[in-house]
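Asker: Predicted model, plus sequence, below.
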Number of protein chains: 4
Amino acid sequence: MAVSQETKRDYSRRGYGIRLGWGKRPALVVIDFQRCLTDESYQYGHNYDDEIAATAELLSEARRARIPIAHTVIGYTPGTLDAGIMLIKIPGMKDFIFGSEATEFDARVAPTAGELIIEKTTQSAFFGTPFNTYLTMRSVDTLIVAGCTASGCVRATVTDASAYGYRPMVVAEAVGDIADEPRDGSFFDMESKVADVVTLAETLDELRSVAALGRADEAIAARG
Amino acid sequence: MAVSQETKRDYSRRGYGIRLGWGKRPALVVIDFQRCLTDESYQYGHNYDDEIAATAELLSEARRARIPIAHTVIGYTPGTLDAGIMLIKIPGMKDFIFGSEATEFDARVAPTAGELIIEKTTQSAFFGTPFNTYLTMRSVDTLIVAGCTASGCVRATVTDASAYGYRPMVVAEAVGDIADEPRDGSFFDMESKVADVVTLAETLDELRSVAALGRADEAIAARG
Amino acid sequence: MAVSQETKRDYSRRGYGIRLGWGKRPALVVIDFQRCLTDESYQYGHNYDDEIAATAELLSEARRARIPIAHTVIGYTPGTLDAGIMLIKIPGMKDFIFGSEATEFDARVAPTAGELIIEKTTQSAFFGTPFNTYLTMRSVDTLIVAGCTASGCVRATVTDASAYGYRPMVVAEAVGDIADEPRDGSFFDMESKVADVVTLAETLDELRSVAALGRADEAIAARG
Amino acid sequence: MAVSQETKRDYSRRGYGIRLGWGKRPALVVIDFQRCLTDESYQYGHNYDDEIAATAELLSEARRARIPIAHTVIGYTPGTLDAGIMLIKIPGMKDFIFGSEATEFDARVAPTAGELIIEKTTQSAFFGTPFNTYLTMRSVDTLIVAGCTASGCVRATVTDASAYGYRPMVVAEAVGDIADEPRDGSFFDMESKVADVVTLAETLDELRSVAALGRADEAIAARG
């Protein structure tokens, strides 16, 4: 167990982990579901079949609700001149070159037209990318997060999202890691201080209600 | 145990956690050793006596080496208009008001003249502050990190430091948390992907060698 | 004349300067109307009486409309350790110390309770401050800008606002500079590429309509 | 004349425009010398033959000195989902698609292997890109700037550079604009507050001295 009951009780007693709740204008971001991470034949690959199935459900409902959708991929341009410190810690990432097979999206959750693709060089989807501008241009207030890994790029993105002022909603079934302890530890830390960790079912319900509201708005607009 | 031996072996086998090593121009940052976190009578307070003693040693040697030193404090201006999402998750932070007793530095590791004080409103020392500019103006390439909490503000600062291009050196004895599992889990995650977790002894040695080098440079400069 | 008719025609012919128009949720920011800039007895002081009178009208209407309001002040903490390059170019700014008389707000347009105060160390209100988070937390999409100087801090703030995804509305009567050419040149550049330069009258009308809409919303909410 | 002698005297009397001088580790950035801006057959194209010739000299000497070199290009990914406000002001930019002919580098100053290419979506080379990380990873302290336009992307990049803590050196002969007044106005504003405007000759001399120093360092290192 990544976190003991005693620690959980201590956090609760101190007043950590109050629920954020949903805002009004959510967006969905899928973090790094790319070949070299989701295909076990790669050095850093891992089996995320369950998380990808959950993410596919999220994508389907999010498309129906017409909310902004973004997909990130981690890597470097050829030559890796855009790399930061991470490439020193994990030298094998030199093969994560944008445009190569390693950085292709997993076909089960690939972007479709009208969805933002973010090429990033470090963990957070916000760092050195136009992601925040994309969200601001669309008045997003809530960020639904799926992808991998919980303790790496998901967590860094969620930490930044909360700092930038978006409510991060981490969908438990749709976020994976290569081992249980880092995932469970990060779920606990995020839930305690910067995000809500929510179920897939709750998120799908929320997306359906956003879709219904959107259709109502459109009907009112059409009636003039 | 926050992370099993099996998980550690798996990470190692994949090639995570290569050592960064020291750069040439380190700076030291002390994260959030402020009254409301280091004094157990506060809601979020915890006993960090050991970590503070280690940090005092770091400060002493860093001052001798004349490297840039910064201290962060987390909180808000009166009215908390500058708050992000974190204040919703942890409403008790409404009392962390800059200028109040809650945000006073712990006297054992308080800043002295010539050291930067960073008032920050979220976890990372880099977010919404002039900290990165301070480091760039001084050509820093390595960031020694002490303070609390390992799984919160230290980790967010370290993640950002690696993204910005600084080698983060997390001093194990000088970084604490309110519970062991979040600390150990974050040490493992940081060491695997974005930082070196180093000992106090190694860091003090490095600072002594920087000091010696600085004195040699000054002697050469004086000889003209 | 800062920009010739020929140049204006060339820009127009090429298709620069299309009007942005107003978004739905404006905020107002007043840039650097502080003693050392608005009081002519200071080295960098200048008479901005007209611009301050226009800004006072903006503030009055913005308060009635209950939109987010922010005020910036440029300077440094004692010791100026947080300074960037600007302090080398303009060494006299060493006296712009936060908390001193030099950085007091001009009493005619001083903040009232519930308005954000942003202490910044360089030109843009966004750089190294929590300003963007403040706007995102309030779902702002349009930024009304008053203050000084047009070619310095106003322009840098407006440039950043457009990059971050906010519609910048520069209120011509409320934005000043120490000389006409820099002001007129920056108005032309901003209007061509990143902002609308609008009249005080149009902005006051817009704020009145936001206020009316807000009251209507409240009435609907009250009726349940 | 973009700025009158009287205004220049007033600025000088007040103490604006003190010279920064060169740091120790310069980098060179070439801003937006791309087909759709340097080829007059495009809507926003202009003849920059003189500035491109000067930039080619800079590139040649910078390569000899082995300093970091970066090239920016402005545009969007297909679909322009990454666009900010600028695309509303200048709708014709919808054709600036990365990978299309419009965003190809002008062949006279095209990047060679080992030089960073920055795809940016707004004016500043720093906004939403890994550029700052690239500079920090190489301990750069001085940023030599060439390219276009003086009043647009060059100025925004220079403003950010000074905020981030780099000494911006604007090479007069190598920076152009589509008209004289915006260029001259921005040169005056930058020189007054955030940058040195330097001659090509001075910059080439500085690069030669950096090259000589580098060769001396290598000789010392080789002697062991």
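Answerer: Structure received.
Asker: So which residues on chain A come close to chain C?
Answerer: A:25, A:132-137, A:139, A:141, A:163-166 (CB under 8 Å from any CB of the partner chain). Every residue, glycine included, has its C-beta placed from N, CA and C.
Asker: Show me where chain A has its strands.
Answerer: Taking DSSP state E as the criterion, chain A carries its strands at A:26-31, A:69-74, A:116-120, A:142-148, A:167-176, A:196-198.
Asker: These: which one's closest to D:Ala53?
Answerer: strand A:116-120 (33.5 Å; CB to CB).
Asker: Next one: the most centrally placed residue in chain A from D:Asp184, what distance?
Answerer: By CA atoms, centre = their mean, chain A has its centre lying nearest to A:Val145, at 3.0 Å. Separation of A:Val145 from D:Asp184 (CB to CB, to the nearest Å) stands at 49 Å.
Asker: Kindly list the longest helix within chain A.
Answerer: helix A:200-223 (DSSP state H).
Asker: Report the distance from that helix to the chain centre.
Answerer: 22 Å (CA atoms, centre = their mean, to the nearest Å).
Asker: likewise stretch A:207-224?
Answerer: For stretch A:207-224, the separation from the chain centroid amounts to 26 Å (computed by CA atoms, centre = their mean).
Asker: quick revisit: just the pLDDT for the residue nearest to the centre of chain A.
Answerer: pLDDT recorded at A:Val145 is 98.
Asker: how far away is the residue lying closest to it once chain neighbours are set aside from A:Ile31?
Answerer: Among residues not flanking A:Val145 along the chain, A:Val170 sits closest, at 5.1 Å (CB to CB, 6 or more residues apart in numbering or on different chains). A:Val170 is 10 Å from A:Ile31, where distance means CB to CB.
Asker: Tell me which of these two has more neighbours.
Answerer: Ranked by neighbour count (other CB atoms under 10 Å in any protein chain shown), A:Val170 and A:Ile31 place A:Ile31 first, with 32 against 27.
Asker: pretty sure that one contacts A:Ile144?
Answerer: No. With contacts counted by CB atoms under 8 Å, A:Ile31 stays clear of A:Ile144, the gap being 11.1 Å.
Asker: just for chain A, where's the confidence low?
Answerer: Within chain A, the set of residues satisfying pLDDT under 70 comprises A:1, A:224.
Asker: coming back round to it: what touches both of A:Val170 and A:Ile31?
Answerer: A:145, A:154 (CB atoms under 8 Å, 6 or more residues apart in numbering or on different chains).
Asker: need the helices for chain A, in chain order.
Answerer: Counting by DSSP H, the helices of chain A are A:5-14, A:35-38, A:49-65, A:86-89, A:131-137, A:155-164, A:180-193, A:200-223.
Asker: what's the second one packed up against?
Answerer: It stands for helix A:35-38. Judged by 3 or more CB pairs under 8 Å, 6 or more residues apart in numbering or on different chains; DSSP states H and E, helix A:35-38 is in contact with no other helix or strand.
Asker: make it 10 Å
Answerer: Judged by 3 or more CB pairs under 10 Å, 6 or more residues apart in numbering or on different chains; DSSP states H and E, helix A:35-38 is in contact with helix A:49-65, strand A:69-74, strand A:142-148.
Asker: For A:Thr72, give me its contacts.
Answerer: A:29-34, A:105, A:116-120, A:123-126, A:129, A:131, A:147, A:153-154, A:157 (CB atoms under 10 Å, 6 or more residues apart in numbering or on different chains).
Asker: er, A:Gly152 actually
Answerer: Applying CB under 10 Å, 6+ apart, we find A:Gly152 in contact with A:31-32, A:37, A:74, A:86, A:90, A:123-124, A:177-178, A:182, A:186, B:16, B:159, B:189, B:192-194.
Asker: What of A:Gly114?
Answerer: A:63, A:66, A:68-69, D:79, D:81.
Asker: what would these look like in a markdown table with neighbour count and distance to chain B?
Answerer: Putting these into a markdown table (neighbours: other CB atoms under 10 Å in any protein chain shown; distance: CB to the nearest CB, whole Å) gives the following:
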| residue | neighbour count | distance to chain B |
| --- | --- | --- |
| A:Arg63 | 16 | 26 |
| A:Arg66 | 13 | 25 |
| A:Pro68 | 21 | 18 |
| A:Ile69 | 21 | 21 |
| D:Gly79 | 14 | 27 |
| D:Leu81 | 21 | 23 |
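Asker: Got a ChimeraX select line for the buried ones in the contacts of A:Thr72?
Answerer: Only the buried entries of the contacts of A:Thr72 go into this ChimeraX selection, using 16 or more other CB atoms under 10 Å in any protein chain shown:
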select /A:29,30,31,32,33,34,105,116,117,118,119,120,123,124,125,126,129,131,147,153,154,157
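Asker: out of the contacts of A:Thr72, which touch chain D?
Answerer: A:116-120, A:126, A:129, A:131 (CB under 10 Å from any CB of the partner chain).
Asker: Which pair of those spans the longest distance?
Answerer: Using CB to CB for every pair in the ones next to chain D among the contacts of A:Thr72, the one that comes out farthest apart is A:Ile117 and A:Phe126, at 15.1 Å.
Asker: Go through the residues of chain A next to chain C and name the one nearest B:Leu59.
Answerer: Nearest member of the residues of chain A next to chain C to B:Leu59, counting by CB to CB, is A:Ala163, at 27.2 Å.
Asker: Not counting residues beside it along the chain, what's closest to the closest one?
Answerer: Closest to A:Ala163 by CB to CB, 6+ apart is B:Thr122, at 4.2 Å.
Asker: Just to check, that neighbour is in contact with A:Ser162?
Answerer: Yes. If you go by CB atoms under 10 Å, B:Thr122 and A:Ser162 touch, sitting 7.0 Å apart.
Asker: Mind giving me the packing neighbours of the longest helix of chain A?
Answerer: strand A:26-31, helix A:49-65, strand A:142-148, strand A:167-176.
Asker: Please work out which of the helices and strands packed on helix A:35-38 is packed deepest.
Answerer: strand A:142-148 (a mean of 27; mean count of other CB atoms under 10 Å in any protein chain shown).
Asker: Can you check what angle separates that strand from strand A:69-74?
Answerer: Between the axes of strand A:142-148 and strand A:69-74, defined by axes from the mean of the first three to the mean of the last three CA atoms, to 10 degrees, the angle is 40 degrees.
Asker: Report the contact partners of A:Tyr16.
Answerer: A:Tyr16 neighbours (CB under 10 Å, 6+ apart): A:8, A:10, A:188-189, A:191-193, B:44, B:89-90, B:92, B:152, B:178.
Asker: now, among the residues you listed, which is nearest to chain D?
Answerer: Among the contacts of A:Tyr16, B:Gly152 lies closest to chain D (CB to the nearest CB), at 23.7 Å.
Asker: The closest one and B:Val158: what is the separation?
Answerer: 11 Å.
Asker: likewise A:Gly17?
Answerer: 23 Å.
Asker: quick one: contacts for A:Pro168?
Answerer: A:20, A:29, A:142-145, A:154-155, A:157-162, A:190, A:194-198, B:85, B:89.
Asker: Now the common contact residues for A:Ile31 and A:Ile144.
Answerer: With CB under 10 Å, 6+ apart as the test, A:Ile31 and A:Ile144 both reach A:Ala174.
Asker: Contact partners for the residue nearest to the centre of chain A?
Answerer: A:27-31, A:58, A:125, A:153-155, A:157-158, A:161, A:166, A:168-171, A:174-175, A:190, A:195, A:197-198.
Asker: Repeat the analysis, applying 6 Å as the threshold.
Answerer: Listed by CB atoms under 6 Å, 6 or more residues apart in numbering or on different chains, the contact partners of A:Val145 are A:29, A:154, A:158, A:168, A:170.
Asker: Which one of those is nearest to D:Glu202?
Answerer: Once CB to CB is applied, the member of those that ends up nearest D:Glu202 is A:Val29, at 47.2 Å.
Asker: Spatially nearest residue to that closest one (excluding sequence neighbours)?
Answerer: A:Ala70 (4.6 Å).
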